[in-house]
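Engineer: Give me a model of this one.
(one chain, ligands or ions: 2)
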Amino acid sequence: MTQSFSTLALSPATLENLARLGYREMTPIQAASLPPALLGKDIIGQAKTGSGKTAAFALALLANLNPRRFAVQSLVLCPTRELADQVTAEVRRLARAEDNIKAVTLSGGVPLRGQTTSLAHGAHVVVGTPGRVLDHLDRGNLQLDALNTLVLDEADRMLDMGFVDDIAKVARQCPPQRQTLLFSATYPEGIAKLAAQFMREPVMVKVEAQH
Ligand code: ADP
Ligand code: MG
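Structural biologist: Ligands and ions are numbered 1, 2, ... in the order given. Alright, predicted model coming up:
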């Protein structure tokens with residue numbers, strides 16, 4: 001069964017943008033996770049690679065965002081620089097052009113200075129790797145007091161790469177009433193522990209591989 005994005009509580013401008021991008025029907029993980037995510041629920045979403053998890057959390061974080069408020073309102077943690085770049089690109093594609101939403105990428109292995117300058121110019125959305133995001137927090141370059149959405153993308157890979165302590169430190173600096181969205185291809189023990197620590201009554205959404 002396919003479902004159109006128009007069944008969601010999204011603005012006409014967002015729906016037009018999705019149509020323009022050629023996103024006609026929701027993928028199964030989007031159809032399962034977006035309705036509770038748009039109600040403000042914490043989500044643990046599990047689906048294989050290539051199933052459209054990025055748009056599932058990007059549309060939710062954009063729905064929470066006030067473009068007229070010049071403060072970081074969404075933070076997405078990713079395991080690698082390449083993935084962070086891909087997520088930033090998808091957030092920019094899905095953001096409504098007229099809102100002029102600024103997304104900044106903070107990945108390790110890249111000089112700090114350019115990132116610090118970008119943050120100083122103001123960002124609505126930050127996408128980055130845990131260690132580098134923590135570095136900017138410690139330096140006072142990044143404030144999370146206006147944050148309303150925290151996303152842990154590819155959480156299983158972040159755990160495999162040893163980012164659990166950095167994720168915990170970042171999450172502790174986020175306002176407690178934020179919405180937390182966790183997406184992963186697999187659901188190992190460590191994810192359940194992470195979720196128990198940092199999420200509030202998460203809705204579990206699992207899409208089985210289709211054959
Ligand atoms: P995942 O994070 O689950 O590995 P991605 O979010 O990277 O998957 O999405 C995989 C591809 O599917 C991307 O090229 C993306 O643009 C495309 N895509 C996502 N959602 C839709 C949709 N509803 N309709 C068409 N293409 C989509
Ligand atoms: Mg992904």
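
Engineer: which residues sit against the longest strand along the chain?
Structural biologist: For the chain, the strand reaching the highest residue count under DSSP state E is reported as strand 179-184. Strand 179-184 has contacts (C-beta atoms under 8 Å, 6 or more residues apart in numbering) with 33, 37, 40-47, 53, 56-57, 60-61, 64, 148-156, 171, 191, 194-195, 198-200, 202. Placement of C-beta: from N, CA and C, glycine included.

Engineer: Would you list the buried entries among these?
Structural biologist: Neighbour-count burial (16 or more other C-beta atoms under 10 Å) is assigned, among the contacts of strand 179-184, to 33, 37, 41-47, 53, 56-57, 60-61, 64, 148-156, 171, 191, 194-195, 198-199, 202.

Engineer: So which of those residues reach ligand 1?
Structural biologist: Counting by C-beta under 6 Å from any ligand atom, A47, K53 from these sit close to ligand 1.

Engineer: Now name the helix or strand holding P67.
Structural biologist: Here P67, judged by DSSP states H and E, is contained in no helix and no strand.

Engineer: Quick one: list the elements packing against the helix or strand just after the longest strand of the chain.
Structural biologist: Using DSSP H and E, the helix or strand that follows strand 179-184 in sequence is helix 189-198. Contacts defined by 3 or more C-beta pairs under 8 Å, 6 or more residues apart in numbering; DSSP states H and E place helix 189-198 against helix 155-160, helix 164-172, strand 179-184.

Engineer: Buried deepest among those, which one?
Structural biologist: When those are scored by mean count of other C-beta atoms under 10 Å, the highest mean neighbour count falls to strand 179-184 (a mean of 24).

Engineer: Could you tell me how far stretch 117-125 lies from the centre of the chain?
Structural biologist: Put simply, stretch 117-125 sits 17 Å off its chain's centre (C-alpha atoms, centre = their mean, to the nearest Å).

Engineer: oh, I was asking about stretch 95-103
Structural biologist: Taking C-alpha atoms, centre = their mean, one finds stretch 95-103 lying 16 Å from the centre of the chain it belongs to.

Engineer: same deal with stretch 56-70?
Structural biologist: Centroid separation between stretch 56-70 and its chain, computed with C-alpha atoms, centre = their mean, is 10 Å.

Engineer: Extract the C-alpha trace of it and format it as PDB.
Structural biologist: Below are the C-alpha coordinates for stretch 56-70, written out as PDB (Å, rounded to 0.1, in the frame of the first residue of the first chain):
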ATOM      1  CA  ALA A  56      11.600  10.900   7.400                       C
ATOM      2  CA  PHE A  57      13.500  12.900  10.000                       C
ATOM      3  CA  ALA A  58      14.300  16.000   7.900                       C
ATOM      4  CA  LEU A  59      10.500  16.700   7.300                       C
ATOM      5  CA  ALA A  60       9.900  16.300  11.000                       C
ATOM      6  CA  LEU A  61      12.700  18.600  12.000                       C
ATOM      7  CA  LEU A  62      11.600  21.200   9.400                       C
ATOM      8  CA  ALA A  63       8.100  21.100  10.700                       C
ATOM      9  CA  ASN A  64       9.400  22.000  14.200                       C
ATOM     10  CA  LEU A  65      11.500  24.900  12.800                       C
ATOM     11  CA  ASN A  66      10.700  28.600  13.000                       C
ATOM     12  CA  PRO A  67      12.700  30.200  10.200                       C
ATOM     13  CA  ARG A  68      12.300  33.700  11.700                       C
ATOM     14  CA  ARG A  69      14.100  32.500  14.900                       C
ATOM     15  CA  PHE A  70      17.900  32.800  14.300                       C
END
